[in-house]
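> Predicted coordinates and the sequence they were generated for:
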Amino acid sequence: MCGIVGYVGQKQALEIVVAGLRRLEYRGYDSAGVAVVSGEELVVRKKAGKLVNLETLLGSDPMPDSTTGIGHTRWATHGGPTDSNAHPHVSEDGTVAVIHNGIIENFAELRAELNAAGVSLSSETDTEVVAHLLALELPAADRDLPEAMRRVCRRLEGAFTLVALDREQPDLVVGARRNSPLVVGVGQGENFLASDVAAFVDHTREALELGQDQVVILTPTSVTVTDFDGEPAAVRPFTVDWDASAAEKGGFDLFMLKEIAEQPRAVADSLRGRITRDSRIQLDETNLDEAALRAITKVVVIACGTAAHAGMVAKYAIEHWTRVPVEVELASEFRYRDPIVGPDSLVIAISQSGETMDTLMALRYAKAQGAHTLAICNTVGSTIPRESDGVLYTYAGPEIAVASTKAFLTQIIAAYLVGLYLAQVRGTMFEDEIRGVLAELDDMPSKVDLVLDTTEPVRALARELAGATSVLFLGRHVGFPVALEGALKLKELAYMHAEGFPAGELKHGPIALIEEGVPVIVIVPSPRGRAVLHDKIVSNIQEVRARGALVVAIAEEGDESITPYAEHIIRIPAVPTLMQPLVATVPLQAFACEMATAKGHDVDQPRNLAKSVTVE
Ligand code: M6R
């Protein structure tokens with residue numbers, strides 16, 4: 001959700017903060033704002049709309065030189081995307097500016113208290129109360145912003161990252177976090193705060209992971225961290241393992257196009273170092289205890305959106321390889337249904353960002369029930385891996401486009417490695433069987449590369465079908481979550497009705513949606529291996545064709561049996577059934593991206609969405 005940047009050092013704070021916001025705009029783009037302390041002044045500029053609107057404002061109404069500043073890019077929760085609701089919010093006396101990510105749940109009560117005290121609020125946000133509360137905690141003499149922040153945080157309920165400046169204490173930036181991301185960038189004579197390392201990786205790759213309920217105090221030469229009571233608190237240093245160019249478009253028009261193209265490398269990187277020379281899987285970083293793994297009676301995957309689709313794909317593989325039942329639950333539903341999890345369960349939380357609040361809350365619930373927890377995550381230093389018993393990082397590199405692409409493929413890879421590791425530990429597969437699957441996985445980067453080389457016909461088709469009002473996706477077995485993923489991409493990017501169905505389910509109701517010319521994209525299973533899946537889907541294709549559907553088949557090279565039944569065939573390399581999602585998803589990503597472009601939509605920042613969803 002919102003993106004936050006703070007800087008204190010020797011350089012022009014505004015330049016650094018705005019550049020940081022550009023990197024974080026994927027987190028929210030309803031409005032943006034900055035504040036700097038300059039001499040005796042606290043100066044704020046903010047504007048509704050994308051960052052470019054703020055940049056235009058800064059051009060016409062420049063800010064003074066300053067070496068201390070904060071900035072915010074917003075995904076609206078309380079109050080619409082207007083200039084007055086944009087952050088930073090400033091205290092009535094004009095001394096304190098604050099930016100916020102999250103939701104302050106007791107804001108109504110705090111607002112009433114401030115009103116009763118004669119403070120008038122000028123926005124509809126929950127954030128503004130913090131600016132006024134901080135000012136009330138800062139007497140004219142002996143001002144102590146860190147202590148004021150601690151006192152205010154102790155009164156707040158909900159999830160928040162807060163970063164504040166005080167006009168009377170230049171060279172000081174104070175941040176706080178509870179259930180919302182904030183990382184510190186440690187520089188030479190300068191320090192940074194941000195929701196994501198991407199904001200400061202141009203300046204330093206040395207970072208600190210903050211814990212829960214901590215306040216961080218930055219000066220140009222020091223970083224001090226305490227808990228909300230002022231006691232020194234532990235932080236974990238880490239080095240960002242990618243450089244600034246990874247967060248740039250690198251010659252592509254869109255981040256999404258770049259990230260689609262990066263998939264072969266991302267898959268290869270996520271496999272690297274996890275397989276020994278004698279084809280054994282080593283997942284040391286996961287802290288998975290072999291005895292505990294032998295004792296578990298079920299696996300539960302919790303995740304949202306695309307990550308949940310990766311979990312659904314993995315279910316087929318893990319159950320097949322280990323004979324352990326796997327449940328996949330949307331994280332937002334998990335803890336509300338009294339789920340059966342306990343010390344005999346392995347709960348796998350899949351999250352690209354590591355900050356998705358629904359997934360975090362589900363994880364905490366599972367931990368409280370005594371489950372073993374493992375995160376599959378792409379973001380080092382984020383909350384979900386930190387709160388899990390172990391983590392298996394995906395090495396997709398930063399994913400900036402709101403629509404998830406390379407994260408999906410690498411999440412499948414990571415979950416497959418966990419499945420094979422379970423099989424290895426529990427002895428449910430022979431060594432040569434595991435070796436065979438590992439060889440198939442090893443082949444995937446080159447197979448994905450082949451798909452990337454042949455996406456032009458998919459793009460042409462997307463342009464041709466851009467006028468459609470609805471697109472349906474059908475799949476069977478692992479093709480079903482791929483169908484769901486194809487539909488999700490189209491919904492979020494092309495803003496059109498799109499639904500994914502298990503092909504066999506269609507006749508139980510959804511087939512009524514089929515009318516003349518409706519595009520139906522079918523993920524056709526390989527005719528080799530589980531031929532029954534292929535035959536069944538051919539029947540399903542006939543059913544929709546008989547009712548006028550325009551069939552687009554995603555079918556493997558050499559599968560000529562499908563030719564009579566489809567108006568369009570998108571070819572993918574022939575791979576084993578469980579590997580097919582890794583190649584079949586790629587054309588669907590390209591299709592959605594191209595269709596959104598044809599419709600003139602902002603592909604990287606689709607409307608109403610944000611990359612990292614840090615509210616429930
Ligand atoms: O960061 P996460 O993987 O936890 O995010 C989960 C979903 O919000 C995310 O996958 C979302 O569905 C994507 N925007 C879809 O492309």
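Nice, I can see it.

> okay, CA-based contacts and neighbour counts for the rest of this
Will do.

> Packing partners of the helix or strand hosting Ile412?
Assignment of secondary structure by DSSP states H and E places Ile412 within helix 406-426. Using 3 or more CA pairs under 8 Å, 6 or more residues apart in numbering; DSSP states H and E, the elements in contact with helix 406-426 are helix 263-271, helix 290-295, helix 305-322, strand 372-377, helix 431-453.

> Is there a neighbour count for Trp14? I'd like the number.
Residue 14: Leu, not Trp. Per other CA atoms under 10 Å, the neighbour tally for Leu14 reads 24.

> Quick check: the nearest residue to it once chain neighbours are set aside vs Val34, distance?
Counting by CA to CA, 6 or more residues apart in numbering, the nearest residue to Leu14 once its immediate chain neighbours are dropped is Gly69, at 6.3 Å. In this structure, Gly69 and Val34 are separated by 7 Å, where distance is defined by CA to CA, to the nearest Å.

> between the two, what contacts are shared?
Contact criterion CA atoms under 8 Å, 6 or more residues apart in numbering; residues shared by Gly69 and Val34: Leu14, Val17.

> on that earlier part again, also compute the angle for the helix holding Ile412 relative to helix 305-322, please.
Here the directions of helix 406-426 and helix 305-322 differ by 20 degrees (axes from the mean of the first three to the mean of the last three CA atoms, to 10 degrees).

> CA atoms only for helix 406-426, dumped as CSV, please.
In CSV, the C-alpha atoms belonging to helix 406-426 read as follows (Å, rounded to 0.1, in the frame of the first residue of the first chain):
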residue,chain,number,x,y,z
LYS,A,406,8.1,-13.7,-12.4
ALA,A,407,7.1,-14.1,-8.7
PHE,A,408,4.4,-16.7,-9.8
LEU,A,409,6.9,-18.9,-11.6
THR,A,410,9.5,-18.7,-8.9
GLN,A,411,6.8,-19.4,-6.2
ILE,A,412,5.9,-22.6,-8.0
ILE,A,413,9.6,-23.6,-8.2
ALA,A,414,10.1,-22.9,-4.5
ALA,A,415,7.0,-24.9,-3.5
TYR,A,416,8.1,-27.8,-5.7
LEU,A,417,11.4,-27.8,-4.0
VAL,A,418,9.7,-28.0,-0.6
GLY,A,419,7.5,-30.9,-2.0
LEU,A,420,10.5,-32.8,-3.2
TYR,A,421,12.4,-32.2,0.0
LEU,A,422,9.4,-33.6,1.9
ALA,A,423,9.4,-36.6,-0.4
GLN,A,424,13.2,-37.0,0.2
VAL,A,425,12.8,-36.8,4.0
ARG,A,426,9.7,-39.0,4.1
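
> For that helix, which residues meet the burial criterion?
Residues 406-426 are the ones in helix 406-426 that count as buried (16 or more other CA atoms under 10 Å).

> Let me see the domain layout of this protein.
The chain breaks down into these domains under automatic domain parsing: 3-244, 249-442, 456-598.

> can you give me the end-to-end distance of the shortest one?
Distances were taken as CA to CA; on that basis the terminal residues of domain 456-598 are 14 Å apart.

> so how far is Ser345 from Ala423?
From Ala423 over to Ser345 (counting by CA to CA), the distance is 16 Å.

> whoops, Ala314 was the one
When distances are taken as CA to CA, Ala314 and Ser345 turn out to be 16 Å apart.

> out of these two, which sits in the busier spot?
For Ala314 and Ser345, the more surrounded residue by other CA under 10 Å is Ala314, and the numbers stand at 27 against 23.

> chain center to stretch 477-496: distance?
The offset between the C-alpha centroid of stretch 477-496 and the centroid of the whole chain comes to 17 Å, using CA atoms, centre = their mean, to the nearest Å.

> Up against the ligand, what does the stretch 101-250 of the chain have?
Taking CA under 6 Å from any ligand atom as the measure of proximity, the stretch 101-250 of the chain makes no contact with the ligand.
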